[in-house]
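**Student:** One predicted model, sequence on top.
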Amino acid sequence: MVGDEGRLRDELGAASVRSSEVVFDGAVWDVRRDTFELEGETLVREVVDHPGAVAVLALDEHDDALLIRQYRHPVAAHEWEIPAGLLDVAGEDPLLAAQRELLEEADVTADHWAVLVDYFTSPGGLDEAIRVYLARGLHPVPASERHERDGEEAHIVHRRVSLDEVAAAALAGDVHNSTLIIAALAARSARDGGWTSLRPADSPWPAHPGRRSLD
């Protein structure tokens, strides 16, 4: 919405929920059915109850992005992505989760962190909120200290690609991961603006449904 000051921003706040029940209890996330009131009308919607996630666009000294490729069964594709992971550790700070994911999936750490962009992945059906961090000042993790990956992550492929090339691939329809696309286009815009749009790494995250009482 456009507020009185003319700033474009979402208005956070839930409708009046009359009832809520879990209709599917999953291994990673649940599906709940909410009955709520909106402008005098009673509506029923199923919602994928998601813990949220963090992702990291890591740039080296040449502004090359550190990408990973892994298999994603729901879309039957080996897609290029950036390191990311669920916020599935109770009480864990999002920044610490992002730092862990970068280390575990990309075998690097970073000196400098900032918030690049926040977004909802598919607000018509799930409550997943993702925060993307920008990480710079990269250092390789010694081989003896690297995380032992399993499942799909055991077959991760790493590649460094210029930020401009990633953005071009997104606009050409050659890469399809939403987090990669959003991060690349946001970073290119931020870079062209002298990085002034970056927010501190510990910025509040009130849009995340599970953190509204905290931030």
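**Tutor:** Ah, there it is. Numbers count the residues shown, from 1 in each chain.
**Student:** So what touches the helix or strand hosting Phe36?
**Tutor:** Following DSSP states H and E, one finds Phe36 within strand 30-38. Applying Cβ atoms under 8 Å, 6 or more residues apart in numbering, the contact partners of strand 30-38 are 14-24, 42-49. In short, each C-beta sits where N, CA and C put it, glycine included.
**Student:** Let's see that with 7 Å instead.
**Tutor:** With Cβ atoms under 7 Å, 6 or more residues apart in numbering as the test, strand 30-38 has contacts from 15-24, 42-49.
**Student:** residues in contact with the most centrally placed residue in the chain?
**Tutor:** Centroid-nearest residue in the chain: Ile130, 3.2 Å away (criterion: Cα atoms, centre = their mean). Neighbouring residues of Ile130 by Cβ under 7 Å, 6+ apart: Gly52, Ala53, Val54, Ala55, Tyr119, Thr121, Thr179.
**Student:** helix, strand or coil for Glu165?
**Tutor:** helix (DSSP: H, G, I helix; E, B strand; the rest coil).
**Student:** Count residues in the vicinity of it, would you?
**Tutor:** 13 (other Cβ atoms under 10 Å).
**Student:** So which of the contacts of Ile130 wins on neighbours?
**Tutor:** Counting by other Cβ under 10 Å, Val54 has the largest number of neighbours within these, with 27 neighbours.
**Student:** can you pull out the strands in this structure?
**Tutor:** Along the chain, the stretches classed as strands by DSSP state E are 16-24, 30-38, 41-49, 53-58, 64-72, 77-81, 84-86, 108-120, 129-140, 157-162, 199-200.
**Student:** Tell me which of those sits most buried.
**Tutor:** Comparing the strands of the chain by mean neighbour count (mean count of other Cβ atoms under 10 Å), strand 53-58 ranks first with a mean of 26.
**Student:** Flag every buried residue along stretch 145-158.
**Tutor:** Across stretch 145-158, burial judged by 16 or more other Cβ atoms under 10 Å covers Ile156.
**Student:** Need the contact partners of it.
**Tutor:** For stretch 145-158, contacts defined as Cβ under 7 Å, 6+ apart pick out Leu66, Ile68, Arg69, Gln70, Tyr71, Leu103, Glu104, Glu105, Ala106, Asp107.
**Student:** I'd like the C-alpha coordinates of that stretch written as CSV, please.
**Tutor:** Extracted C-alpha coordinates of stretch 145-158, given in CSV (Å, rounded to 0.1, in the frame of the first residue of the first chain):
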residue,chain,number,x,y,z
GLU,A,145,36.9,-28.7,8.6
ARG,A,146,34.3,-28.9,5.8
HIS,A,147,30.8,-30.1,6.4
GLU,A,148,30.0,-33.6,5.3
ARG,A,149,27.0,-33.2,2.9
ASP,A,150,24.4,-35.9,2.3
GLY,A,151,21.3,-36.4,0.2
GLU,A,152,20.9,-34.0,-2.7
GLU,A,153,23.6,-31.8,-1.1
ALA,A,154,26.2,-34.6,-1.4
HIS,A,155,26.2,-33.9,-5.2
ILE,A,156,26.5,-30.1,-5.1
VAL,A,157,28.6,-28.5,-7.8
HIS,A,158,30.2,-25.1,-7.2
